[in-house]
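# what's the 3D shape of this:
(chains A and B)
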Amino acid sequence: MIEIDDLHKRYGDKTALDGVSFSVKPGEMFGFVGANGAGKTTTMRILMGVLTADSGQVRRDGRALTFDDRRRFGYMPEERGLYQKMKVAEQVHYFGQLNGLSPKEAAKATGDLLERLALTERAGDEVGALSLGNQQRVQLAVALVHDPEVLVLDEPFSGLDPIAVDALAEVLAERRAAGVPVLFSSHQLDLVERLCDSVGIISAGRMVASDTVEALRAREGRRLLKVVVRGAAPDWPTGLSGNITKNGDEVLFADANGSDQEILRAATAAGAVEHFGWERPTLTEIFREAVA
Amino acid sequence: MNGLWLVARREIVTRGRTKGFVVGLVLSAVLVGALAVLPRLFSGPDSFTVGVVNSPALQSALAGAAGNAGDAEVTAKPFADEAAARKAVLDGDVDAAVVGDRRTLADGEVDGELGALLESAHQTAQTQKQLAEAGLDPAKVSAAMRVTPLEQVSVGTDTRYEGVRTGIAFLLVMVLFFLLLQPSMYVAMGVVEEKGSRIVEILLTSIRPWQLLGGKILGLGVLALANLVVLIVAGLGAAAATGFSADLPPGMTGIVLGTLFWFLLGYAFFATMAAALSSLVSRQEEVSSVISPLTLLIMATYFVSYFAAVEPGSPVARILSIIPPFSTMVMPVRTAGGGVPLWEIGLAAALMAAATAGMLVLGARIYERAVLRTGARIKLSEVVR
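Modelled structure (predicted):
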């Protein structure tokens, strides 16, 4: 269990983090979302120990993180960093060794990962000669080569094509299944919604929400009732309570919690009811609401 | 410790196989080899041709003296009469001519070395002739006249090898300048490469800053040391191959070992300084401006050691050879010039070792504090406290 507890960080008179707290359980995939400059990268850098917090603590299983703990983490920084003039396999192998693998172990892990990420053919090429998408895969291989116990990935999906996104998602799901806490940040909310068990939303240095995706949805107060009636008079909802938005045959009722049965009766009277149900808010809607 | 070796090995492997390094190594070796034999090519003729007219005694004395080690070679060329000999001298066919065992003809003055050789041959020839005329056995006479030449021993400053020593000193100035500046630049560029690409963020979650910094300095230092050894071997090898090594002053082993010692201290000092300064910036374009204090310092060291190579005994050279970091180049240059008291070398070494240790502590601190702060250039005052 990774716990981030009340992190504060200021740069001069600008507050970057103002009491950020959340936790990631073993086997949990945690999506970290927030607008640009909200504090995602700062939080992750503090978590990885490359930046020092003004106050607050990062713990693993109740114990403050040490350098040796972090050596067993896999990290992908926001701005990608690789030696451009070093060959792909050599580079992955090097980082494996730096993280404590023997040359033999590192060689095996490198071979497996490159195979997995469809980079085997490029193993002997210099990283700088690869496309950005492929460089990103190498970056991921560097983060994964030592079979890390915790994964911290800053925007791992940015710049990847849909096939690479699927490959990366698969690899992450595998690690999660192996009991690894996976924390990643992303602007692609549909992706986060699809992949993550939990989501943390950060805005202006504060966590505005942090829970499982289901709980966030349940907590969302503004529920929408969507009704589609075929062949009804356009003014059929007139006189019904709730905030009404019309879009062709589709009518959305906001704040209709108490009057749903009344709306149903009116709809059946008006025509053939094709759809009647509560809309689940998307993560994008939750996010907009949360940071508003 | 393992991290340090891994980093050092990466530096050696990736830098050592670049075209730039290999070409630089080969070119510098060729250059040093050529410079080592150059004085030999320009040191004037070691053989003379002398015209002889009716001077049988001198001619045989010259023939007898031929082959003495260390002496210039003199070839005698007989002429029928003085007029023919005169013409040959004026035409430059011979360096001088001797007529009738009495007079030397030359175009202007006789070359000093040749004059001495001719005079000595003349003395020998005439003495033998006169002793034989006085009734002595010619064999006994020549046996009696075979004398071991005086051995030169200097009780003051040994100036016999002055020219060669100055030559070696100049070579050292150039080689040390090149091999202190170049790897320091590599260190600076490597630091910024890692900082600018943020690769340092990944590295420093795996290894400590001192391992990354130390490994880089160590790895590039091994390459530079290998380069220096290659240059020394090239220089001494070229000298041996051309027979020049017979003219090398005594104590070459000391000069070589001293050079290696001073190089190691100087490299550790300048490379650490390069790493600390370059960790303040995040872009390669900013490297040269941020390390300008370092380049200036190395340039200054280069100029003072150049001066010391010309005037190794001057008070300025003596003082600078003790002050760090000038000592890293001035002291080996002075040592090549000879006659440096041991206590001065010891003092200079102790001071430089202390300066290097101080630079390592300070440089590591600056590096550690600055290398993760990417973005705008960091002021030195922000990281030194």
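
# what residues are up against whichever residue of the stretch 101-250 of chain B sits closest to chain A?
Closest contact between the stretch 101-250 of chain B and chain A, by Cβ to the nearest Cβ, is at B:Ile199 (3.3 Å). Bear in mind the C-beta positions are built from the backbone N, C-alpha and C, glycine included. B:Ile199 makes contact with A:81-83, B:193, according to Cβ atoms under 8 Å, 6 or more residues apart in numbering or on different chains.

# residues near B:Thr205, how many?
23 (other Cβ atoms under 10 Å in any protein chain shown).

# where along the stretch 51-200 of chain A do the helices fall?
In the stretch 51-200 of chain A, the helices defined using DSSP state H, counting those that start in this stretch lie at A:67-71, A:88-98, A:103-116, A:132-144, A:162-177, A:189-195.

# same check, this time on the stretch 251-385 of chain B
So, for the stretch 251-385 of chain B - with DSSP H, counting those that start in this stretch - the helices run B:252-278, B:287-290, B:292-310, B:315-320, B:327-337, B:342-370, B:380-383.

# mean neighbour count, the ones you listed: which tops it?
Per residue and on average, the most neighbours among the helices of the stretch 251-385 of chain B fall to helix B:327-337, with a mean of 28 (mean count of other Cβ atoms under 10 Å in any protein chain shown).

# which helices and strands sit right next to it?
Here helix B:327-337 touches helix B:162-196, helix B:252-278, helix B:292-310, helix B:315-320, helix B:342-370, going by 3 or more Cβ pairs under 8 Å, 6 or more residues apart in numbering or on different chains; DSSP states H and E.

# and that helix with helix B:292-310, angle?
10 degrees (axes from the mean of the first three to the mean of the last three Cα atoms, to 10 degrees).

# contacting residues for the nearest residue to B:Arg377 once chain neighbours are set aside?
Closest residue in space to B:Arg377, ignoring its immediate chain neighbours: B:Val281 at 5.0 Å, by Cβ to Cβ, 6 or more residues apart in numbering or on different chains. B:Val281 makes contacts with B:192, B:195, B:287, B:290, B:377-378, as judged by Cβ under 8 Å, 6+ apart.

# with adjacent residues omitted, what lies nearest to the spatially most central residue of chain B?
With distances taken as Cα atoms, centre = their mean, the residue of chain B nearest its centroid is B:Ile168 (2.8 Å). Leaving aside its sequence neighbours, B:Ile168 sits nearest to B:Ala336 (Cβ to Cβ, 6+ apart; 4.6 Å).

# would you mark the buried spots in stretch A:206-214?
A:206-210, A:213 (16 or more other Cβ atoms under 10 Å in any protein chain shown).

# separation between B:Ala370 and chain A?
B:Ala370 sits 13 Å away from chain A, going by Cβ to the nearest Cβ, to the nearest Å.

# residue contacts, the nearest residue to that residue once chain neighbours are set aside?
Residue nearest to B:Ala370 in three dimensions, not counting chain neighbours: B:Ser279, with 4.3 Å by Cβ to Cβ, 6+ apart. When contacts are counted by Cβ under 8 Å, 6+ apart, B:Ser279 touches B:191-192, B:195, B:366-367, B:370-371.

# ok, now with 10 Å
Going by Cβ atoms under 10 Å, 6 or more residues apart in numbering or on different chains, B:Ser279 touches B:188, B:191-192, B:194-195, B:200, B:209, B:213, B:290, B:363, B:366-373, B:378, B:383.

# before we move on, what about B:Val340?
Residues near B:Val340 by Cβ under 10 Å, 6+ apart: B:258, B:312-313, B:317-318, B:321, B:331-332, B:334, B:348.

# neighbours of the residue nearest to A:Leu82 when sequence neighbours are not counted, how many?
Nearest residue to A:Leu82, sequence neighbours excluded (Cβ to Cβ, 6+ apart): A:Val127, at 4.8 Å. Residues lying near A:Val127 (other Cβ under 10 Å) number 22.

# ok, now how distant is A:Lys25 from B:Met174?
65 Å (Cβ to Cβ, to the nearest Å).

# check which helices and strands the lowest-mean-pLDDT helix or strand in chain B sits against.
Sorting the helices and strands of chain B by mean pLDDT, DSSP states H and E puts helix B:56-65 at the bottom, at a mean of 72. On a contact count with 3 or more Cβ pairs under 10 Å, 6 or more residues apart in numbering or on different chains; DSSP states H and E, helix B:56-65 meets strand B:47-53, strand B:73-78, strand B:96-99, helix B:112-133.

# starting at the chain centroid, how far to the last one?
The gap between where helix B:112-133 is centred and where its chain is centred comes out at 40 Å by Cα atoms, centre = their mean, to the nearest Å.

# likewise the third one?
Chain-centre distance of strand B:96-99: 41 Å, with Cα atoms, centre = their mean.

# can you list the strands that that strand pairs with?
Strand pairing for strand B:96-99, determined by DSSP bridges: strand B:47-53 (parallel), strand B:103-105 (antiparallel).

# if we can go back for a sec, the contacts of B:Val281: which two are farthest apart?
For the contacts of B:Val281, the maximum inter-member distance is 13.8 Å, found between B:Val287 and B:Ile378 (Cβ to Cβ).

# so the residue most central in space within chain A bridges to which residues?
Taking Cα atoms, centre = their mean, the centroid of chain A lies closest to A:Gly31, which sits 2.6 Å from it. Here A:Gly31 sits in beta bridges with A:Phe184, A:Val199, as judged by DSSP bridges.

# which residues touch it?
A:182-186, A:188-189, A:191-201, A:213, A:283.

# what's residue 100 in contact with, if anything?
Using chain A. Here A:Gly100 is in contact with A:68, A:71-72, A:106, A:146, B:2-3, B:206-207 (Cβ under 10 Å, 6+ apart).

# nope, chain B please
Residues in contact with B:Gly100, defined by Cβ under 10 Å, 6+ apart, are B:52-55, B:58, B:82.

# which residues of the chain score low on pLDDT?
No chain was given, so I picked chain A. A:220-222 (pLDDT under 70).

# hmm, I had chain B in mind actually
Using pLDDT under 70, the flagged stretches of chain B are B:1, B:39-46, B:64-72, B:152, B:154-160, B:244-246.

# what does it put close to chain A?
Residues of chain B that fall close to chain A, judged by Cβ under 10 Å from any Cβ of the partner chain: B:2-3, B:5-7, B:9-10, B:13-15, B:18, B:190, B:193-208, B:211-212, B:371-374.

# for ChimeraX, what selects the buried ones among the residues you listed?
Typed into ChimeraX, the next command selects the buried ones out of the residues of chain B next to chain A (criterion: 16+ other Cβ under 10 Å):
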select /B:3,6,7,9,10,14,15,190,193,194,195,196,197,198,199,200,201,202,203,204,205,206,207,211,212,371,372,374
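
# what are the structural domain limits within chain A?
Domain assignment for chain A by automatic domain parsing gives A:2-218, A:220-291.

# of those domains, which is nearest B:Gly112?
Proximity to B:Gly112, assessed across the domains of chain A by Cβ to Cβ, is greatest for domain A:2-218 (60.2 Å).

# what sits against the residue of chain A found nearest chain B?
Chain A approaches chain B most closely through A:Gly81 (3.3 Å), counting by Cβ to the nearest Cβ. Neighbouring residues of A:Gly81 by Cβ under 10 Å, 6+ apart: A:139, A:142, B:193-203.

# let's see 7 Å
B:197-199, B:201-202 (Cβ atoms under 7 Å, 6 or more residues apart in numbering or on different chains).

# still on that earlier bit, with distance to B:Val32 added, can I get the contacts of B:Val281 in a markdown table?
Output for the contacts of B:Val281, formatted as a markdown table (distance: Cβ to Cβ, whole Å):
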| residue | distance to B:Val32 |
| --- | --- |
| B:Val192 | 31 |
| B:Lys195 | 35 |
| B:Val287 | 28 |
| B:Val290 | 32 |
| B:Arg377 | 38 |
| B:Ile378 | 40 |
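
# now flag whichever of those residues is closest to B:Arg146.
Proximity of the contacts of B:Val281 to B:Arg146, judged by Cβ to Cβ, is greatest for B:Val287, which lies at 69.5 Å.
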